[in-house]
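In: how does the following fold in three dimensions:
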Amino acid sequence: MSYEEANGNVQRGPVFDTAGLAQQVTGECEAEQKSTSTSVSDKSAMAVENSCKVPTDESTTNAAALLQESYTFKPIGIIKSCFKQKFGIPRQPLLAPSAEAELVLLPPFNHPDAVRGLDDWSHIWISFVFHRTMRPQAAGVSPSLMVRPPRLGGATRVGVFASRATYRPNPLGLSVVRLVKVESRGPGSVVLKIGGVDLLDGTPVLDIKPYLPYADNVTDATGSFAPNPPPTMTVVFQKYAQDQITEEQRRSGKYAQLQQLIHEVVRQDPRPPARGDKPRDHEYGMFLHDFNVRWTTDDDTNTATVVAVDRISNAGHPPSQQSSSTTVGARSHQTAGKSRSVSHQHYPGAAPAITHDREERKRLKRLAREAARAKATERKRFNREAQRKGDLRATGNDGTGNADGKATGDVAARIHIHPVLSMEAFRNALILETDQLFCFNKPPDFVCHPSKNGPMSSLVGAAREYSNLPVVHLVSRLDRETSGVVIVAKNAQASHTLQSAIEQRRVKKAYVAVLCGELNNATLVDQPLGKDHNSIAWTKDVVRQGDDIRSAQTQFIPVAQYNRYTLVVARPITGRKHQIRAHAEWLGLPIVGDKIYGEGKGIHYVNFVQYGWSADMEAQLHTKRHLLHCASVDFKTDTSPGSDGLYAKYTAKLPQDMLDFISAHMLLDANAVHILLAPHV
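Out: Sure, this is the predicted structure:
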């Protein structure tokens, strides 16, 4: 149901002619026109008049008479979409969840009564017209019966009715979209906000119907040459493109999801299948919202790199119809009144030749440098204030951020300043101290390894400050947002003994987590993990196959369910990075609040490390960190050597933020949680 053109010489069939928003959208079946052909009078926007009534038995037997029937409809609404041209629109709906649009209802349907009760449905069907793929049919030429779907590489032909090609006998489309909101903006103004669209700006809409889950979701359906979603690309953003997006968001106060939208669209690889051999630095471009988005591709690594997101100038508005047979040749950029030739070639979907203002780029770079200096000054002031107060302080990039880290692929990932732990908070986190080790109940949002923000910004640094030891040894570590048991050895011998037990899998660990969804039975996940090359979050691992994977096993034991959440005990048998989180995602039950493996598929993580916590994240994630806690680490197993003060079971109570969430969403108080977990941890 998309606007992606079917490749090859497709002869155009019967057409609709759309001249304006309220003008009739008319479809005529092609045949030799005779004076006896009938038509439909335009007495209302929805009615089909008597000339279009069901044919009688006599007319049913007369195919020639049927071919002369014509039908006249009026659009009931018009689409205002972020997609300004056909190239770049996802091939199917819901592939780009951030692609939102407005359906503006037209008279007489722009009345609240027409949509009364519609907001009780989560999704709707939209019947529309492919108004930009219509071509006049040559006289006496039959419409094409075969098309070349992009999923088959643009070379294999199938019947037009066995495809979703946009060039159809009658240019009618059907898309299922997410209904975000129904708005009444005053008399004569009713607008539907919809998401996951694959609709071109200006698309005429003929009808709206609710999506019925029990009837429209066919679980045993098969999909011929397209049984699964199309393969996707890894998308990275160059620093310049990211700065353009950030500056535009700051300047206009809009486009909060622009980077996510670009990522979702570009990762679908909208390039035409029959594109020939293009140089690696070949630029592709599309108009999205008010921007000209440009990117290059590397087929060897299956990566797309967004190089620029330029605002379209008044002189550079997107054309109403981009030619599908653009001449191959050089493209010229006008820069500061001078033209310079570049080697990128033009073809359908190539970056549009619009004005690129070098002075504007210089201005954006200057603003970025000034903002970086201001952030550095504010960061130093904040650190001095935090150290003076000596309290635990979570910090972000909204004037108090650090730019220590950088993600791969030219994605500038700004890592937050690590919180500063006061000595009082350190003592509260200390569960046990012996002459050989410390055992901590690590607070969430606190790192284990030393950082650049001073000794009290990590458990290792704080342990050195507390004990006055020159060196301490981290035996077990947790991710920054994961809370629970962390062991730090005071000497190398104790560290070696404990780490050897972990490496030889003579240690039992128990984690407590809250999952999104319902897990009914104890489940052992035995699935290998490797780097997720398709994720926007560069640190993510995923269950997959390949030469660079590592075996991983995790047991999940459900202890309570309520309100579509499950409280579980997770026992990792192996010790891979993000193992519990990645396996929970594989089960389809991600951990609540997980920015990498939960809802958003990593975009929340990228936004968080760059911009800090936001109200939008809070609305979607419901908690500031993933609800995962290491409840116990048991060295006292049957295969462990005799007790020498090291082999013991170390436990940590659940932190208050997890107890608060469980109480609010699962109606379990702290005592009930303790009773449920006691047999397992």
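
In: CA atoms for contacts and neighbours, from now on please.
Out: Will do.

In: any low-confidence regions in the stretch 401-550 of the chain?
Out: Counting by pLDDT under 70, the stretch 401-550 of the chain shows low-confidence ranges at 401-419, 452-453.

In: could I get the full set of helices for it?
Out: Under the criterion DSSP state H, counting those that start in this stretch, the stretch 401-550 of the chain contains helices at 423-429, 459-467, 492-503.

In: same check, this time on the stretch 151-300 of the chain
Out: 213-216, 239-252, 258-266.

In: okay if I get the ones you listed as TSV plus mean pLDDT?
Out: Formatted as TSV, the helices of the stretch 151-300 of the chain follow (pLDDT from 0 to 100):
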stretch	mean pLDDT
helix 213-216	92
helix 239-252	88
helix 258-266	95
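
In: go through the ones you listed and pick out the most buried.
Out: helix 258-266 (a mean of 22; mean count of other Cα atoms under 10 Å).

In: gap between that helix and the chain center?
Out: For helix 258-266, the distance between its averaged C-alpha position and the chain's averaged C-alpha position is 8 Å (Cα atoms, centre = their mean, to the nearest Å).

In: got the phi and psi for the spatially most central residue of the chain?
Out: For the chain, the residue nearest the mean C-alpha position is G600 (4.7 Å; Cα atoms, centre = their mean). Here the main-chain torsion angles of G600 (degrees, to the nearest 10) amount to phi 100, psi -20.

In: same check on A670?
Out: Per-residue torsions, A670: phi -60, psi -40 (degrees, to the nearest 10).

In: returning to that earlier point: would you list the helices of the stretch 401-550 of the chain in a markdown table and tack on distance to Q610 and mean neighbour count?
Out: As requested, the helices of the stretch 401-550 of the chain are arranged in a markdown table below (distance: least, Cα to Cα, whole Å; neighbours: other Cα atoms under 10 Å):
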| stretch | distance to Q610 | mean neighbour count |
| --- | --- | --- |
| helix 423-429 | 27 | 15 |
| helix 459-467 | 24 | 19 |
| helix 492-503 | 35 | 16 |
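
In: redo those helices as a markdown table? Include distance to R267.
Out: Converted to a markdown table, those look like this (distance: least, Cα to Cα, whole Å):
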| stretch | distance to R267 |
| --- | --- |
| helix 423-429 | 44 |
| helix 459-467 | 39 |
| helix 492-503 | 39 |
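
In: out of those helices, which comes closest to Q85?
Out: Proximity to Q85, assessed across those by Cα to Cα, is greatest for helix 459-467 (53.3 Å).

In: which helices and strands sit right next to that closest one?
Out: Secondary-structure packing of helix 459-467 (3 or more Cα pairs under 8 Å, 6 or more residues apart in numbering; DSSP states H and E): helix 423-429.

In: what's the helix it packs on packed up against?
Out: For helix 423-429, the helices and strands in contact under the criterion 3+ Cα pairs under 8 Å, 6+ apart are strand 437-442, helix 459-467.

In: before we move on, back to that, can you pull the pLDDT of the residue nearest to the centre of the chain?
Out: At G600, the model reports a pLDDT of 74.

In: and it, how far from A101?
Out: Between G600 and A101 the computed distance is 19 Å (Cα to Cα, to the nearest Å).

In: now V606
Out: In this structure, V606 and A101 are 24 Å apart, going by Cα to Cα.

In: can you check N468 too?
Out: Where A101 is concerned, N468 sits at a distance of 61 Å (Cα to Cα).

In: more crowded one of these two?
Out: Relative neighbour count places A101 above the other of N468 and A101, with 24 against 10, counting by other Cα atoms under 10 Å.

In: next up, the contacts around the residue nearest to that one when sequence neighbours are not counted.
Out: Leaving aside its chain neighbours, A101 sits nearest to S81 (4.4 Å; criterion: Cα to Cα, 6 or more residues apart in numbering). Residues in contact with S81, defined by Cα atoms under 8 Å, 6 or more residues apart in numbering, are 100-102, 199-202, 289.

In: ramachandran coordinates for S81?
Out: Taking degrees, to the nearest 10 as the convention, S81 sits at phi -120, psi 160.

In: what's across from V488 in the sheet?
Out: Here V488 shows beta-bridge partners F438, L474, assigned using DSSP bridges.

In: tell me, how many residues neighbour it?
Out: When neighbours are counted by other Cα under 10 Å, V488 comes out with 23.

In: just send the helices and strands packed on helix 423-429 back as JSON lines, with distance to P230 too.
Out: Supplementary listing: the helices and strands packed on helix 423-429 in JSON lines, determined by distance: least, Cα to Cα, whole Å:
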{"stretch": "strand 437-442", "distance to P230": "42"}
{"stretch": "helix 459-467", "distance to P230": "45"}
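
In: re the thing from before, gap between the residue nearest to A101 and Q92?
Out: With the distance defined as Cα to Cα, S81 ends up 15 Å from Q92.

In: same question, T482
Out: As for T482, its distance to Q92 is 38 Å (criterion: Cα to Cα).

In: list the buried residues for the strand of greatest length in the chain?
Out: Secondary structure assigned by DSSP state E gives strand 172-184 as the longest strand of the chain. For strand 172-184, burial by neighbour count (16 or more other Cα atoms under 10 Å) applies to 172-183.

In: what residues does it touch?
Out: 1, 92-94, 112, 115, 118-119, 121-130, 166, 190-198, 211.

In: and of the contacts of S81, the nearest to R550?
Out: The closest of the contacts of S81 to R550 turns out to be E100 (Cα to Cα; 39.1 Å).

In: got CSV for the helices of the stretch 151-300 of the chain, with distance to P231 too?
Out: Compiled in CSV, these are given as follows (distance: least, Cα to Cα, whole Å):
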stretch, distance to P231
helix 213-216, 25
helix 239-252, 24
helix 258-266, 12
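
In: how about those, which one is nearest I596?
Out: Taking Cα to Cα as the criterion, helix 258-266 is the member of those that comes nearest to I596, at 13.9 Å.

In: show me what the closest one is packed against.
Out: Contact here means 3+ Cα pairs under 8 Å, 6+ apart; on that basis helix 258-266 packs against helix 239-252.

In: got the CA coordinates for the helix it packs on in CSV?
Out: Written as CSV, here are the backbone C-alpha positions of helix 239-252 (Å, rounded to 0.1, in the frame of the first residue of the first chain):
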residue,chain,number,x,y,z
LYS,A,239,28.0,14.8,13.5
TYR,A,240,27.0,17.6,11.1
ALA,A,241,23.6,16.1,10.5
GLN,A,242,23.0,15.6,14.2
ASP,A,243,23.9,19.2,14.9
GLN,A,244,21.5,20.3,12.2
ILE,A,245,18.7,18.3,13.8
THR,A,246,19.5,19.6,17.3
GLU,A,247,19.7,23.2,16.2
GLU,A,248,16.4,22.9,14.3
GLN,A,249,14.7,21.4,17.3
ARG,A,250,16.0,24.2,19.5
ARG,A,251,15.1,26.9,17.1
SER,A,252,11.6,25.8,16.2
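
In: how far away from the center of its chain is it?
Out: On Cα atoms, centre = their mean, the centre of helix 239-252 falls 19 Å from the chain's centre.

In: same question, stretch 542-554
Out: In terms of Cα atoms, centre = their mean, the centre of stretch 542-554 is found 23 Å from the chain centre.

In: just stretch 542-555 next, same as before
Out: Distance of stretch 542-555 from the chain centroid (Cα atoms, centre = their mean) equals 23 Å.

In: per-residue confidence for the closest residue to D526 other than its chain neighbours?
Out: For D526, the nearest residue in space outside its immediate sequence neighbours is Q553; the separation is 4.4 Å by Cα to Cα, 6+ apart. Per-residue confidence at Q553 stands at 94 (pLDDT).

In: who are the contact partners of Q553?
Out: For Q553, the contacting residues are 524-528, 572-574, taking Cα under 8 Å, 6+ apart as the criterion.
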